[in-house]
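> Return a 3D structure for these sequence lines:
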Amino acid sequence: VDHRHNYSMYWYWIYLARGKAAAVALTAATTATHNTSSLWGYIPLLPQIMLLGFSSLGIAPYDLSFALFCQTFAFVTFNKVITAQYFTWYLCLLPLCSNRIKWNSKRMLISFAVLVVSIVAWLLSAFSLEMLGWRSHRQVWIASLFFFMANVNLLRSILGGYRA
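Residues are numbered from 1 along each chain as shown. As a prediction, this is how the structure comes out:
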């Protein structure tokens with residue numbers, strides 16, 4: 001799993017786990033410790049499974065294109081790796097359902113503004129880490145958490161602005 005150029009809130013956890021895995025390999029730890037730690041890798045799948053179930057059972061029977069958009073948006077948002085090209089996965093589905101979403105509400109505009117601020121915060125902190133060489137791993141992680149919350153908030157706004 002790539003921990004660099006990753007918008008995901010899990011990137012710092014993956015980054016730290018790689019360092020721990022290297023240390024464990026050097027000290028020849030037992031297989032039981034490795035198996036227990038690898039189970040933690042499945043925890044991020046739980047919210048994805050719940051959201052997939054909700055959108056499959058609650059939205060898809062009424063509006064398949066909107067359900068596909070919501071499923072893809074949630075999958076990308078909750079994924080362990082998110083790079084810039086992942087956004088095209090749900091953006092290409094947006095024209096199929098955009099006419100049924102109220103885009104000009106105050107809540108939606110605030111959600112988009114928060115998303116833009118979170119993207120700028122992430123890009124600035126990632127720039128300081130990647131280009132300037134500053135030790136700003138935690139700042140990038142905090143920006144990733146902010147980006148995640150902004151995406152969840154936007155999904156809530158989209159669901160709230162949906163008109164059948």
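> Val152 belongs to a strand?
No - read with DSSP: H, G, I helix; E, B strand; the rest coil, Val152 is helix and lies in no strand.
> Setting aside sequence neighbours, what's the nearest residue to it?
Excluding its sequence neighbours, the residue lying closest to Val152 (C-beta to C-beta, 6 or more residues apart in numbering) is Thr77, at 6.4 Å. From N, CA and C alone the C-beta is placed, and that goes for glycine too.
> Backbone dihedrals for Ile101, both of them.
phi -120, psi 130 (degrees, to the nearest 10).
> what's the closest residue in space to it that isn't next to it in sequence sitting at in phi/psi?
Among residues not flanking Ile101 along the chain, Gly161 sits closest, at 5.1 Å (C-beta to C-beta, 6+ apart). The phi and psi values for Gly161, taken as degrees, to the nearest 10, are phi -90, psi 0.
> any idea how far the nearest residue to Tyr7 once chain neighbours are set aside lies from Ile142?
In this structure, Tyr7 finds its nearest non-sequential neighbour in Ile82, 4.1 Å apart by C-beta to C-beta, 6+ apart. Here the criterion is C-beta to C-beta, to the nearest Å. By it, Ile82 lies 16 Å from Ile142.
> for this structure, which spans come out with low pLDDT?
Where the chain drops to pLDDT under 70, the residues are 1-5, 19-38.
> rewinding a little: going by how many neighbours each has, rank Ile82 and Ile142 and give me the top one.
Under the neighbour definition other C-beta atoms under 10 Å, Ile82 and Ile142 were set side by side, and Ile82 has more, 23 against 16.
> I'd say that one and Ser8 touch.
Yes - contact criterion C-beta atoms under 8 Å: Ile82 and Ser8 qualify, at 4.5 Å.
> and the spatially most central residue of the chain, what is it in contact with?
In the chain, the C-alpha nearest the mean C-alpha coordinate belongs to Thr77, at 2.7 Å (C-alpha atoms, centre = their mean). The contact partners of Thr77, taken as C-beta atoms under 8 Å, 6 or more residues apart in numbering, are 148, 151-152, 155.
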